[in-house]
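In: need a structure here:
(one chain, ligands or ions: 1)
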Amino acid sequence: MNSKPIIALDFPSEKEVFAFLSQFNEPLFVKIGMELYLQEGPDIVRKVKEHGHDIFLDLKLHDIPNTVKSAMKGLARLGVDLVNVHAAGGVNMMESALEGLEAGTPSGMKRAKLISVTQLTSTTEEQMQQQQKITLSLLESVLHYASITKQAGLDGVVCSVHEANVIRNQCGEDFLRVTPGIRLAGGEIHDQKRIATPDVARRDGSSLIVVGRAITNAKDPVEAYKTVSELWEEN
Ligand SMILES: O=C(O)c1cc(=O)[nH]c(=O)n1[C@@H]1O[C@H](COP(=O)(O)O)[C@@H](O)[C@H]1O
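Out: Okay, here's the model as predicted:
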């Protein structure tokens, strides 16, 4: 799988997306999340794909197994590279998601990798314990979600850089650790809580990094992307 930094296209419409993408002269790995997808629908996926970019479709599905299975079956036809669900949906839901994805992938097309979100990178251990009433440590909770995700046959998880190494040790090198919450040193943190720089992500066991505002809000997004890529690749 492409290992370039994944740029989160968190924009409200197609117009902003293509204004942003037009600054780059190379194929990218981009993420289409709920903000963009819910405004523009599946067409935005097809249009971005036509420009040669790899796509992580981040819709974080979380519903009863049958609903998630049917939704995944439909999404499979879009031909994206990576999709996700919430691990909190449970083993049966994740197994159903995988079945739907396999059933819906047209023959001759590669099935998207399917990963689960463990604990969002905007969550602290204190918030998790108080609001989700989980009595484990945050690391234990993320590891538990990683282990049931592997049990369900998925390809990996979304986690923070802080948990990536332990997941790699427990679930193996091939089990993906996709890490958002990436910031450049001294950059604004916004709503993220478990953050790291691209070089630390590489050192500490991430398979892929997801970077949004550190690039999209930068004065020069192409330069910011270059900085992130160099830090990610050199370490
Ligand atoms: O699944 C995700 O992509 C995701 C999971 C998570 O735990 N944390 C997280 O930030 N994300 C996404 O990653 C992106 C991070 O954006 P920035 O904080 O702007 O870099 C956003 O599009 C989030 O929706």
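In: Pull up the residues of the chain that are close to the ligand.
Out: Contacts of the chain with the ligand, taken as Cβ under 6 Å from any ligand atom, map to 8, 10, 33, 58, 60, 84, 117, 120-121, 158, 180-182, 190, 192, 210-214. (Each C-beta comes from the backbone N, C-alpha and C, glycine too.)
In: now those: which count as buried?
Out: When the residues of the chain next to the ligand are checked for burial by 16 or more other Cβ atoms under 10 Å, the buried set is 8, 10, 33, 58, 84, 117, 120-121, 158, 180-182, 192, 210-214.
In: Can you name the residue of this structure nearest the ligand?
Out: The chain approaches the ligand most closely through Gly212 (2.5 Å), counting by Cβ to the nearest ligand atom.
In: and the closest residue to that residue other than its chain neighbours, what pLDDT?
Out: Nearest residue to Gly212 in three dimensions, chain neighbours excluded: Ala8, at 3.3 Å (Cβ to Cβ, 6 or more residues apart in numbering). As predicted, Ala8 sits at a pLDDT of 99.
In: May I ask you to confirm that Ala8 is in contact with Val211?
Out: Yes: look at Ala8 against Val211 with Cβ atoms under 8 Å: they come within range, at 6.7 Å.
In: Overlap in contacts, the two.
Out: Pro180 (Cβ atoms under 8 Å, 6 or more residues apart in numbering).
In: residues contacting the residue of the chain closest to the ligand?
Out: 7-8, 10, 31, 180.
In: Check Ala8 too.
Out: 30-31, 33, 58, 180, 210-213, 216.
In: Cross those against helices and list the overlap.
Out: If you go by DSSP state H, the contacts of Ala8 have 213, 216 in helices.
In: follow-up on the earlier one: dihedrals phi and psi, the residue of the chain closest to the ligand?
Out: The phi and psi values for Gly212, taken as degrees, to the nearest 10, are phi -110, psi -100.
In: what comes into contact with the longest strand along the chain?
Out: Criterion DSSP state E: the longest strand present in the chain is strand 54-61. Outside strand 54-61, the residues that touch it by Cβ under 8 Å, 6+ apart are 2, 4, 6, 8, 27-34, 37, 45, 48-49, 68, 71-72, 75, 78, 80-86, 89, 97, 112, 117, 178, 210.
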